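S.K.: Turn this into a structure:
(one chain, ligands or ions: 1)
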Amino acid sequence: MVLNFNTLLKSFWFWFLIIFISIQFIPMNVPEKLKDDPTKEIETPKEVKNILKHSCYVCHSNSLHFPWYDKIAPASWFAKEHVKNGRRAINFSNWKNYTKEKQLNILKKIPKSVIIRMPLPSYLWLHDEAKLSQDEKKLLKKWAKNLTEKIK
Ligand code: HEC
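M.R.: Numbering: from 1, shown residues only. Alright, predicted model coming up:
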């Protein structure tokens, strides 16, 4: 097939491609991995840690594992915005740097957060595997309650 250059320039897909490639270079300052001190990570029973890692660490920890489709703009912008705000709210990797008040405050919010808001519904839309089962929600709530008693 011989492509006529003029036709190419007028083509929607040509410009779509140029724009699509260009936006990949727009930097967003949200590193996938932050400098990590493993001794500061939250300590939990193994079942709880599995749930947190599976469903919460994507946005609430120092190390993320974005699937490939979250690395491509514009999806990556949403992913990184979630991570930026998520880490600001809670970073389980830095748990031991938090004051007692902050820890209690977070634990207080967890039971409510897992009912509908967490993991973020817009995230679950593409990541069904992170959805919490009823049992996992129960376990997280119980754990948050127990840990609250322990810290108090
Ligand atoms: C896709 C990203 C993402 C995932 C996954 C995620 N969160 Fe969040 N989380 C956020 C963001 C962003 C915020 C801060 C903004 C907000 O409150 O909406 C937040 C805030 C919170 C808060 C504070 C709520 C408040 O009212 O201040 C709690 C508690 C929380 N998350 C718990 C969890 C738990 C538990 C999980 C796993 C079951 C989880 N999150 C998974 C993005 C996420």
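
S.K.: and stretch 132-139, how far out from the chain's middle?
M.R.: Its chain's C-alpha centre and that of stretch 132-139 lie 19 Å apart, by Cα atoms, centre = their mean, to the nearest Å.

S.K.: Over to stretch 69-78?
M.R.: With Cα atoms, centre = their mean, you get 12 Å for stretch 69-78.

S.K.: Same check on stretch 102-118?
M.R.: 16 Å.

S.K.: Report the buried residues of that stretch.
M.R.: By neighbour count on 16 or more other Cβ atoms under 10 Å, the buried set for stretch 102-118 is 103, 106-107, 110-111, 113-114, 118. Using the backbone N, CA and C atoms, a C-beta is placed for each residue, glycine as well.

S.K.: for stretch 78-89, same thing?
M.R.: Of the residues in stretch 78-89, 79-80, 82-83, 86-87 count as buried by neighbour count, 16+ other Cβ under 10 Å.

S.K.: And stretch 66-82, by the same measure?
M.R.: For stretch 66-82, a neighbour-count test (16+ other Cβ under 10 Å) marks 70, 73, 76, 79-80, 82 as buried.

S.K.: Also near the ligand: which of those, exactly?
M.R.: Among those, the residues lying close to the ligand (Cβ under 6 Å from any ligand atom) are residue 82.

S.K.: got a list of contacts for the strand or helix carrying residue 81?
M.R.: Assigned by DSSP states H and E, residue 81 belongs to helix 75-89. With Cβ atoms under 8 Å, 6 or more residues apart in numbering as the test, helix 75-89 has contacts from 28, 30, 58-62, 64, 66, 69-71, 106, 120, 122-123.

S.K.: and after it, which helix or strand comes next?
M.R.: Following helix 75-89 in sequence order, the next helix or strand is helix 100-113 (DSSP H and E).

S.K.: hmm, that following helix in reach of the ligand?
M.R.: Yes. Helix 100-113 is in contact with the ligand by Cβ under 6 Å from any ligand atom, via 106, 109-110, 113.

S.K.: quick one: the residue most central in space within the chain from the ligand, how far?
M.R.: In the chain, the residue lying closest to the centroid (Cα atoms, centre = their mean) is residue 59, at 2.3 Å. For residue 59, the distance to the ligand equals 3 Å [Cβ to the nearest ligand atom, to the nearest Å].
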